[in-house]
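Colleague: Can you look at this prediction? I've put the sequence above it.
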Amino acid sequence: MQILHRLDRSIFRCPTVSLPSPFSFSLGRARVYCNTQGAEKTMASRAKLSRRLLETDTPVMIQMQELFRSVKDCMSLAQLRRENELCKSSVVVTAGANQAFVNLVLALCDPGNSVVMFAPYYFNAYMSFQMTGITNILVGPCDPETLQPDADWLEETLSKEKNKTIPKLVTIVNPGNPSGSYVPDPLLRRISELCKNAGCWLVVDNTYEYFMYDGLKHTCVEAPHVVNVFSFSKAYGMMGWRVGYIAYPSEVEGLEAQLLKTQDNIPICASIIGQKLALYSLELGAEWVKERVEKLTKNRDIILDALSPLGANAVKGGQGAIYLWAKLPSGASNDVEVVQWLAKRHGVIVIPGSASGGPGYVRVSFGGLVEDVCSVAAARLRKGMEELVSKGMLSS
């Protein structure tokens, strides 16, 4: 087994923090091999990889790594994470989950391909498609109550009867950013099966895998068409250190080589100090994280109360990740203007929903402030929401 490693700014902050002004509820803030003996190469994989990378020369350093691995009795210092039961996956460690996603877009897609996301979507993933020339982005709906991806819409979209060209890739975030919802295991497996039958990739962003509340459980799915993305930054409160990783199907011929091309030409590897911290985090284990995540429910409840002036059914999410998704009043549905107004008049910052394909909503994070600071900031947020509902956006 081998490792090339990613990390960021900590969610679990030191309580001795000065009160910021304005407060921000906007923050969302390895290469490992697990080779299966005798695994068959599947999927006619070269046809499913991007032409631009297949036509790119293999970096000499990657050739040297292959030579190193071919020598008997060489030793590698590595540890493979098995918590998600991805026993047929190999891992490329990246300088963060965002970089992991860009690597995947470059390796799996070409300009002109279509891809599928679900609104509200993670804005960085949308931008990753845009900046790499993937402009045919099909945005599907989520259930208005649960904010879970609409699998019926996906089934119709992936139907060969409906589309002459099937989308190359479908991506979801579980649990959701910005929605704060989660994808139950039966729904996750249905989405995976739909992608398998259509012959397209499924990329699942599991950045907030440990951030589950109220007894809910995060699960993963593994298959030759599925790629999973993970983050040490969020999972272990290491934001700023930039360490994440891609868990890709080992049996897909050619995929590893293309991922290594992107890796070698973007960061080469995550920082060594970040990799060491990531390994230390693995030694601490998931329980260290879960103990701290449980405390975030207090922040969640504080923010839910602050948003209560919007109405009983206006706020969704909060089952996973660190986000709430709040619908603005009909008379103040310009979310960008509302965000600017809240910052200037009330000293709190949230994310406009239009950045995630959800105009008229805002994303509120409950993970970036310690409890006492969160309470002070929430008082400002509640005052702003009460004024917004009763009087509109008054000027100072």
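Modeller: The structure has been received and is ready for your questions. Numbers count the residues shown, from 1 in each chain.

Colleague: Let me have stretch 176-195 in CSV, keeping just the CA atoms, if that works.
Modeller: C-alpha atoms of stretch 176-195 as CSV (Å, rounded to 0.1, in the frame of the first residue of the first chain):
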residue,chain,number,x,y,z
GLY,A,176,-25.4,17.8,1.6
ASN,A,177,-23.6,21.1,1.1
PRO,A,178,-25.4,23.5,1.1
SER,A,179,-28.6,21.7,2.1
GLY,A,180,-27.6,20.0,5.3
SER,A,181,-29.7,17.0,4.2
TYR,A,182,-28.5,13.4,3.7
VAL,A,183,-29.0,10.6,1.2
PRO,A,184,-30.4,7.5,2.8
ASP,A,185,-28.7,4.2,1.8
PRO,A,186,-31.6,2.9,-0.3
LEU,A,187,-31.7,6.1,-2.3
LEU,A,188,-27.9,6.2,-2.7
ARG,A,189,-28.0,2.6,-4.0
ARG,A,190,-30.9,3.4,-6.4
ILE,A,191,-28.9,6.4,-7.8
SER,A,192,-25.9,4.2,-8.2
GLU,A,193,-27.9,1.5,-10.0
LEU,A,194,-29.4,4.1,-12.4
CYS,A,195,-25.9,5.4,-13.2
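
Colleague: That stretch: how far from the chain's middle?
Modeller: 13 Å (CA atoms, centre = their mean, to the nearest Å).

Colleague: Ok, stretch 260-273 next?
Modeller: Worked out by CA atoms, centre = their mean, stretch 260-273 lies 20 Å from the chain centre.

Colleague: mind listing what's buried in it?
Modeller: Using 16 or more other CB atoms under 10 Å as the burial criterion, the residues of stretch 260-273 that qualify are 260-264, 267, 269-271. No exception for glycine: its C-beta is placed from N, CA and C like everyone else's.

Colleague: Give me the next element, helix or strand, following the longest helix along the chain.
Modeller: Longest helix of the chain, by residue count under DSSP state H: helix 286-307. Using DSSP states H and E, the helix or strand that follows helix 286-307 in sequence is strand 315-317.

Colleague: Adjacent strands (with direction) for that following strand?
Modeller: strand 323-327 (antiparallel) (DSSP bridges).

Colleague: so what's Cys200 up against?
Modeller: 158, 166-170, 225 (CB atoms under 8 Å, 6 or more residues apart in numbering).

Colleague: Need the pLDDT of it.
Modeller: Looking at Cys200, its pLDDT reads 95.

Colleague: that older thread, would you turn the buried residues of stretch 260-273 into JSON lines with secondary structure, pLDDT and distance to Ala286?
Modeller: Output for the buried residues of stretch 260-273, formatted as JSON lines (DSSP: H, G, I helix; E, B strand; the rest coil; pLDDT from 0 to 100; distance: CB to CB, whole Å):
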{"residue": "Leu260", "secondary structure": "helix", "pLDDT": "88", "distance to Ala286": "28"}
{"residue": "Lys261", "secondary structure": "helix", "pLDDT": "88", "distance to Ala286": "32"}
{"residue": "Thr262", "secondary structure": "helix", "pLDDT": "88", "distance to Ala286": "29"}
{"residue": "Gln263", "secondary structure": "helix", "pLDDT": "87", "distance to Ala286": "26"}
{"residue": "Asp264", "secondary structure": "helix", "pLDDT": "85", "distance to Ala286": "31"}
{"residue": "Pro267", "secondary structure": "coil", "pLDDT": "82", "distance to Ala286": "26"}
{"residue": "Cys269", "secondary structure": "coil", "pLDDT": "83", "distance to Ala286": "25"}
{"residue": "Ala270", "secondary structure": "coil", "pLDDT": "83", "distance to Ala286": "20"}
{"residue": "Ser271", "secondary structure": "coil", "pLDDT": "84", "distance to Ala286": "23"}
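
Colleague: Max pairwise distance over those residues: which two?
Modeller: The largest separation in these, counting by CB to CB, is between Lys261 and Ser271 at 20.5 Å.

Colleague: Identify the residues contacting the most centrally placed residue in the chain.
Modeller: Taking CA atoms, centre = their mean, the centroid of the chain lies closest to Asp205, which sits 4.1 Å from it. The contact partners of Asp205, by CB under 8 Å, 6+ apart, come to 97, 101, 122, 125, 171-174, 177, 229.
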